[in-house]
Each structure stands twice: as structure tokens, then as C-alpha cells.
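Novice: Structure of the sequence below:
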Amino acid sequence: MSSSTPPTGPAESSGGRFPQAPVRPLIARTRTEVHRGATPLELFFDLCFVVAVAQAGVQLVHALAEGHVGEGILDYAMVFFAIWWAWMNFTWFASAYDNDDALYRVVTLVQMAGVLVLAAGVTRAFDDHDYGLVVLGYVFMRVAMAAQWLRAARTARGAERTVAVRYAVGVLVCQVGWMGLLVLPEPVRPWLFLAMAVAELSVPVIAERSRPTTWHPRHIAERYGLFTIIVLGETILAATVAVKSAADEHEALGELLPIATGGLLIVFSAWWIYFVVPIHGHLRSNRQSFLWGYGHYLIFASAAAIGAGLEVAVEQAVGVAHISTLAASASVTLPAALYLLSVWALHARHFKVGLAQQIVLPTTALLVICCTFLGDWAVLAAGVVSGLSVATGVILSARTTATREHRTPDSTLTS
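Specialist: So this is what the prediction gives:
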């Protein structure tokens, strides 16, 4: 289908090709739509992922607080991948095909039910390595997702139909592979996970080899921004818990307030750094979008892990966590540094002018790691460093803008 095909769905809810029909053909939307934003259904869909992300964060806190660092991080990486990939599948499909009819809504609600089942199984996955509920939730989500692609294939023609069928087959084949988590011995499961993760990431690349889907750059950028806010919200919650704990336990006020203050500075800086650039202008091809979209696994996972790390730091400060101050500090500073580097690699570097602007975030990440060794002041120091990096970026950007504006009149006069 050509890019000139008129959009369907919410954009045509009044006076479009199928204005009143409860079930309409699932026709590809276009990248040239104006005012293409997130729908209420998409926001409702994201709400379910708040629960799943929160469950993964809680279990990571428990694992780190008990000193099970390696096992906890591995379990977190696996569970968060499942959460993130299910969200990714829906988001990119919706950007290209959302027509908001009754059938599309019902199938999406089935996917949401799968998310909640997955979230209910997170505790078992961490504690007992029992992936039964996680896999069951995935069955709900992935079968529904394959149904959406087959529905799109029914309407499509030519290369577009081939792409949709490839997606449906790829999703179902990978889902069969995930069933191995239920039957294979526990030592083999991480290797199966790695193989299936590679297979999952390959499906869009193979499916869109001959023709890209018509995802909308502004819509995709908005959807990723909304999910970033969700995971940063988990960090805000963790900092709030620290503040509440400080208020409830006055004897620990001196230990908890620096953690709460540093945590807030980190998450405020994380928000600023992510949203300071208009990334949709960078998403011009599938190659750029795949790298950007896949790379967000690190952004989302590290942002959520910052919140878990803050809770660990609080528990260590009040004597609940069975780990050292250094380990508790690292649970905050290391994911914060990973977040800074990931945002720089995927976002910021494309919009920075000159070496001074380019090195701000990598240097900040290095300094945040160094803060790990500052004992009880590590989190506060990391927050201050993060805040100073934002201030430095604003100053450098302002100077660049002022220089350009200063040169423009001169060039006009001499021309």
C-alpha cells in the first residue's frame, strides 16, 4: 500500500471511509498524518505495564537487599525483556495499523489481560524460577498480537501482506520457543532466553526486509517518551518512600534525607536529559528506528533499576538490607550511569554541537560511577553531579544559540 493511502481509525472517526462501523478493515495508516498522538487505549495499555514494571522492581530490590546480586540482575534482565518486548510489539503495530474499531479494542484488551497475568507471575519467576504464569501471560499477548497481524494481512495486498504474514508467523514461532522455559532444566533456561531474545529481535528485521511498515515517527517518539515517564515514575515512588521513611523514623533522618534528595535530583535530571531533544526528526528509516527502539531496552531497564536501587539504599541505611554501603550505593549509581550513557548514545549525541557538548553526558556517567565510593553521601553526590550536567548542557546550548544569532546578522550584512 502506498504512503498516500488516507489514514483510518481515530483520525477518521467522524466522516471517514468507515465512520460508524464497529468493525472496519485494518488498513495501514500513513507517516504523513498530522496530529498523530497516543490514544486513550494506548494510555490504558501502558497502565498495565506500570504494574508489571513495579513488580519487577520490587523483586530486584529483594534480591539486591539479600545480597543475591548476580542472580537478581539476571532474573530482572529476563523479566524486564519480556515486559519491554510485549510493549514494543503492540506499540509499533499500533503506530502503523490502529483503527480503533471494536474488534481492535477487544483484542488489545486481551493483550492487557496477558500483561496482568505476566505481572502476577513475576514473583514466582524471581523466587522459584517458575515461569508458568509469565509464559501464560505471554501466550495471551502474543496470540492476540499474531491475530492482529493476520487481520492486517487479510486487507493488505502485495508486499504489505507478506510483511504482515511474516510478523504473524514469527510471533507464533517465537512463542513456541518460549514454552521451553516450562520444560527445560533450570541451568539451560538462561541460554534459551538468550537464543529466544535474539530470535524475537530478528522478527521485525526479517519481516520488514522488503517493505517497512508505516509507523509514525512523532507517534513512536511520543509513545517511547510516555513509557520513559512510567519507569521514571517508579524512581519517583522510591524517592518518596525514602522521604516517608525519613519522616517516620526520625532517628534515621540524617541517613535517609541525602538518599531522597539525591534520588530526586537523579530522576529530575534523567527526565530533563531525555526530553530535551526532539528525537522524532532522527527516525527517518528502519535502520535508525530499529537501533533506537531496541536500544531503549537499556534506557527503560536502567531507569526502573534506579528506583529499585534507591529502595535498596534506603533499606541499607536503616539496617534492613544485608549488604555493604558500597554495594547499596552501586545499586543506584551504576544504573544511573548506564541510563546516561544509553540516552547519550541513542538521543543526545545526534543533537550536540561540538566536542564540549558531546562529552557532557559520558563525563557525567563516569563521575556518577566515581560517586559510588563516597559512602553515605554517594547517592546525594550522584544527584548533584547529574543536576550539574543538566546545568552545563543548558549553558553550552545557550552559548551555541547565542553564537549563531550573533553571526547571522553579520553574514546578512556581508552578503
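
Novice: Determine the longest helix present in this protein.
Specialist: Ranked by residue count, the top helix of the chain under DSSP state H comes out as helix 378-414.

Novice: buried set for that helix?
Specialist: Under the neighbour-count criterion of 16 or more other C-beta atoms under 10 Å, helix 378-414 has 378-387, 389-390, 392-393, 396-397 buried. Quick note: C-beta positions are derived from backbone N, CA and C, even for glycine.

Novice: same for that helix, what does it pack against?
Specialist: helix 253-275, helix 325-346, helix 354-358, helix 360-370 (3 or more C-beta pairs under 8 Å, 6 or more residues apart in numbering; DSSP states H and E).

Novice: Would you check that residue 134 makes contact with residue 118?
Specialist: Yes. Residue 134 lies in contact with residue 118 (C-beta atoms under 8 Å); the separation is 5.3 Å.

Novice: Common neighbours of those two, please.
Specialist: Listed contacts common to residue 134 and residue 118 are residue 82; contacts here mean C-beta atoms under 8 Å, 6 or more residues apart in numbering.

Novice: buried sites along the host helix or strand of residue 146?
Specialist: With secondary structure defined by DSSP states H and E, residue 146 is part of helix 132-155. Neighbour-count burial for helix 132-155 flags 133-153, 155 (criterion: 16+ other C-beta under 10 Å).

Novice: Would you pull up how far the next helix or strand after that helix lies from the middle of the chain?
Specialist: Under the assignment DSSP H and E, the closest C-terminal helix or strand after helix 132-155 is helix 158-178. Mean-position distance between helix 158-178 and its chain equals 23 Å (C-alpha atoms, centre = their mean, to the nearest Å).

Novice: and helix 158-178 with helix 132-155, angle?
Specialist: Angle, helix 158-178 to helix 132-155, by axes from the mean of the first three to the mean of the last three C-alpha atoms, to 10 degrees: 160 degrees.

Novice: Report the angle between the helix or strand that helix 158-178 is followed by and helix 158-178.
Specialist: Per DSSP H and E, helix 158-178 leads on to helix 189-207 as the next helix or strand towards the C-terminus. Going by the same axes, to 10 degrees, helix 189-207 is angled at 170 degrees with respect to helix 158-178.

Novice: mind saving the C-alpha coords of helix 189-207 as PDB?
Specialist: Taking Å, rounded to 0.1, in the frame of the first residue of the first chain, the C-alpha atoms of helix 189-207 are listed here in PDB:
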ATOM      1  CA  ARG A 189      17.000 -21.600  30.700                       C
ATOM      2  CA  PRO A 190      19.300 -18.500  30.600                       C
ATOM      3  CA  TRP A 191      20.700 -19.900  27.300                       C
ATOM      4  CA  LEU A 192      17.300 -20.500  25.900                       C
ATOM      5  CA  PHE A 193      16.300 -17.000  27.000                       C
ATOM      6  CA  LEU A 194      19.400 -15.600  25.100                       C
ATOM      7  CA  ALA A 195      18.500 -17.500  22.000                       C
ATOM      8  CA  MET A 196      14.900 -16.500  22.100                       C
ATOM      9  CA  ALA A 197      15.700 -12.900  22.700                       C
ATOM     10  CA  VAL A 198      17.900 -12.900  19.500                       C
ATOM     11  CA  ALA A 199      15.100 -14.600  17.600                       C
ATOM     12  CA  GLU A 200      12.500 -12.100  18.800                       C
ATOM     13  CA  LEU A 201      14.700  -9.200  17.800                       C
ATOM     14  CA  SER A 202      15.200 -10.700  14.400                       C
ATOM     15  CA  VAL A 203      11.500 -11.000  13.600                       C
ATOM     16  CA  PRO A 204      10.900  -7.300  12.700                       C
ATOM     17  CA  VAL A 205      14.200  -7.100  10.700                       C
ATOM     18  CA  ILE A 206      13.200 -10.200   8.700                       C
ATOM     19  CA  ALA A 207       9.600  -9.200   8.300                       C
END
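
Novice: Show me where the stretch 151-300 of the chain dips below the pLDDT cut-off.
Specialist: 242-243, 245-247, 249-252, 280-282, 284-286 (pLDDT under 70).

Novice: backbone phi and psi for the residue nearest to residue 328 when sequence neighbours are not counted, please?
Specialist: In this structure, residue 328 finds its nearest non-sequential neighbour in residue 316, 3.7 Å apart by C-beta to C-beta, 6 or more residues apart in numbering. Here is the backbone geometry of residue 316 (degrees, to the nearest 10): phi -70, psi -40.
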